[in-house]
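Participant: with the input below, show me the fold.
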Amino acid sequence: MKPLAECRLYTFVDAAYLNGRAPERVVQALCDGGSDLIQLRAKNSSADEVRRMAEAILPITRRAGVGLVINDHLSVAMEVGAEMCHLGQEDFFDAGYREVSELYTKNETGKAALARLGMKVQIGLSTHAPQQARRAVAAGPGYIAIGPVYATGTKPTAKPVTLEYVHWATENVKIPWFAIGGINLGNLDEVLAAGARRICVVSAILNAEDVAGACREFKRRLESNP
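Facilitator: Take a look at the predicted model:
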């Protein structure tokens, strides 16, 4: 996969938006459209079900040179060899972690841990306010997410952080960060004007009639704002 600093378009294969489509089919369209990262998110699925989906789509992302991010399940990410795992504030800080390095000793022991020495999955962390961003960056993740920028059906109870937080991140966050939440082609320009250079898009792509085509248009707009 590309270095995180070079990734611009972060998309999702979200079980809630598959609408009967096979995950592999959706992932292939996301890769064809120019996604740099793809997250597998299946909130209502067991770890075994997530593992099976990950094993099916990982060969597709690998062929395309696209990084695969597993949502929530670090042990699954490590077992299947995914490049990254994304965790929320409650999954990380509320669980007592302070540094990313602490995750691996808890999720692997003995021979498994030794076998993966030096091959650790990169971690992404959600943030919803400057204080959370500062704490997250100090924990040593590969990237953080900034959002939700706008109201989103993906997380209907989450309060939007607005473009004010995007402006703050532009000035203060030095590691790779992605704006997320309700971003679509209609509001993309104002997100970019606020300083974002990397975005996550869920429903605006997964609900499109042409998933690959929607990806291409987001990517074209991003690349026109270097």
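
Participant: what sits against the nearest residue to P148 once chain neighbours are set aside?
Facilitator: Leaving out its chain neighbours, the residue that sits closest to P148 by C-beta to C-beta, 6 or more residues apart in numbering is G181, at 2.4 Å. C-beta: built from backbone N, CA, C; applies to glycine. If a contact means C-beta atoms under 8 Å, 6 or more residues apart in numbering, then G181 has 147-152, 154-155, 158, 160-161, 200 as its contacts.

Participant: 6 Å instead, please
Facilitator: 147-150, 152 (C-beta atoms under 6 Å, 6 or more residues apart in numbering).

Participant: quick check: it is in a helix.
Facilitator: No: assigned with DSSP: H, G, I helix; E, B strand; the rest coil, G181 falls outside any helix and is coil.

Participant: most neighbours among the contacts of G181, please name it.
Facilitator: G147 (30 neighbours; other C-beta atoms under 10 Å).

Participant: in contact with that one: list those residues for me.
Facilitator: 161, 180-181.

Participant: again, but for H167
Facilitator: Here H167 is in contact with A194 (C-beta under 6 Å, 6+ apart).

Participant: how about a cut-off of 8 Å?
Facilitator: 194-195.

Participant: just V211 next, same as before
Facilitator: The neighbourhood of V211, defined by C-beta under 8 Å, 6+ apart, consists of 26, 29-30, 33, 205.

Participant: pick out the most distant pair among these.
Facilitator: Maximum pairwise distance among the contacts of V211 (C-beta to C-beta): 10.7 Å, between V26 and G33.

Participant: more neighbours: those two, which one.
Facilitator: Between V26 and G33, V26 has the larger neighbour count (other C-beta under 10 Å), namely 24 against 21.
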